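> just to be clear, the model below is a prediction. Sequence and coordinates:
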Amino acid sequence: MISEYFSKAREFEDQGRFALAAEEYKQAIELGIGDQAEAHQKRGRALTRIGRYEEALDECQKALVLDSDLPLAHSVLGYIYLQQARYDLAEEEYLKSLNLEPDNVHALGNLAYIYCNQDEYEKAIAMCKKGLQYQPRDFKLRISLAECYRCQYRFGEAMVQLNEARKVRFSFRIFIHVVAILVTAVLQSFKELDPVIGATINIAIYGVALFAPSFLSIPVGLVLLIFGLLLIFMYPLTHTYKGAKLKLIFLFLWYFMNVVLYWGIVFLVRPRLIAWWLSFD
């Protein structure tokens, strides 16, 4: 009887039918048979997979009351708190899980995610490297490590990690991160410019819009348009911390203003300037 409920639940989990797995564990709990702490934590995991986080939270807490040394229960709690953006609690639970199960790559990867989004890049890198010691071919850890290096402007090391990720499997995510590295490198190079040089470049760009012939001003405008769109597209994919959405709004408004200004000069100001100049002939 005991093995029947647990074996059915495991079978349903293997099939991805987590709602049915949760029901099997529930029956074992209601009948009071088997390892109750195990049943509670595994029901919590199954409920988490179908997005029923509050129920899963309750199940894992019940499991830990029965047995506080359950790495899976702590890991599931960490994941739930992470989805709720309660990063301090998520970190606490994942660290407890790692104390009990040091090779928990899932916990290491999510801790890296938490630290990276809090700009604690060295901690995040340490988590990724530790996880890769256990699973060198973990695709997500390679991507996370590349992202941490990108945020530190260590572009060469980031590209190395993306290349290692490509060896594991090819994914469109790799291309996205490569573009993010290129965009970040360009932006960083502008930030490091002398303010006078930066202002000169800005003036030159708008000078092209105002005075250059169409065969030059339009391609320059298109390059700026594409670069800006890439920047805005990359931002939500590579910035997931609190406040990122607000910064994205400001970034979009700043970009939109500059695009309107550039094309306004090309199509509205310049023709009028040319007409005014020709009127003197």
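Arrived safely, thanks for sending.
> contacts for the helix or strand containing Ile114 next, please.
Per DSSP states H and E, Ile114 falls inside helix 105-117. Residues outside helix 105-117 that contact it (CB atoms under 8 Å, 6 or more residues apart in numbering) are 71, 75, 78-79, 82, 87, 90-91, 94-95, 97-98, 101, 121, 123-125, 127-128, 130-131, 134-135, 138, 140-141, 144-145, 147-148, 151, 240-241. All C-beta spots, glycine's among them, are computed from the backbone N, C-alpha and C.
> that helix: what's the following helix or strand?
With secondary structure assigned by DSSP H and E, helix 105-117 is succeeded by helix 121-134.
> C-alpha coordinates for that following helix, PDB please?
Provided in PDB are the C-alpha atoms of helix 121-134 (Å, rounded to 0.1, in the frame of the first residue of the first chain):
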ATOM      1  CA  TYR A 121      28.700  39.300  -9.100                       C
ATOM      2  CA  GLU A 122      31.600  37.700  -7.300                       C
ATOM      3  CA  LYS A 123      29.200  35.700  -5.200                       C
ATOM      4  CA  ALA A 124      27.200  34.700  -8.200                       C
ATOM      5  CA  ILE A 125      30.400  33.700 -10.100                       C
ATOM      6  CA  ALA A 126      31.500  31.500  -7.100                       C
ATOM      7  CA  MET A 127      28.100  29.800  -7.100                       C
ATOM      8  CA  CYS A 128      28.300  29.100 -10.900                       C
ATOM      9  CA  LYS A 129      31.800  27.700 -10.700                       C
ATOM     10  CA  LYS A 130      30.900  25.500  -7.800                       C
ATOM     11  CA  GLY A 131      28.000  24.100  -9.700                       C
ATOM     12  CA  LEU A 132      30.100  23.500 -12.800                       C
ATOM     13  CA  GLN A 133      32.500  21.400 -10.600                       C
ATOM     14  CA  TYR A 134      29.600  19.000 -10.100                       C
END
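> buried residues, that helix. List them.
The neighbour-count check on helix 121-134 (16 or more other CB atoms under 10 Å) flags 121, 123-128, 130-132 as buried.
> got the angle for that helix vs helix 105-117?
Per axes from the mean of the first three to the mean of the last three CA atoms, to 10 degrees, the angle that helix 121-134 makes with helix 105-117 is 160 degrees.
> could you say what helices and strands the helix or strand immediately after helix 121-134 in the chain packs with?
Sequence-wise, the next helix or strand downstream of helix 121-134 (DSSP H and E) is helix 139-151. Packed against helix 139-151 by the contact rule (3 or more CB pairs under 8 Å, 6 or more residues apart in numbering; DSSP states H and E) you find helix 105-117, helix 121-134, helix 155-168, helix 172-191.
> quick one: which of these is nearest Gln15?
Among the helices and strands packed on helix 139-151, helix 105-117 comes nearest to Gln15, with 20.6 Å by CB to CB.
> buried set for the closest one?
Of all the residues in helix 105-117, those buried under the rule 16+ other CB under 10 Å are 105-117.
> which stretches of the stretch 101-250 of the chain have low pLDDT?
Applying pLDDT under 70 to the stretch 101-250 of the chain flags the ranges 190-199, 201-202, 234-248.
> switch the cut-off to 90
116-119, 151, 153, 170-250 (pLDDT under 90).
> rebuild the helices and strands packed on helix 139-151 as CSV, extending it with distance to Leu278.
As requested, these are exported to CSV (distance: least, CB to CB, whole Å):
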stretch, distance to Leu278
helix 105-117, 57
helix 121-134, 57
helix 155-168, 49
helix 172-191, 37
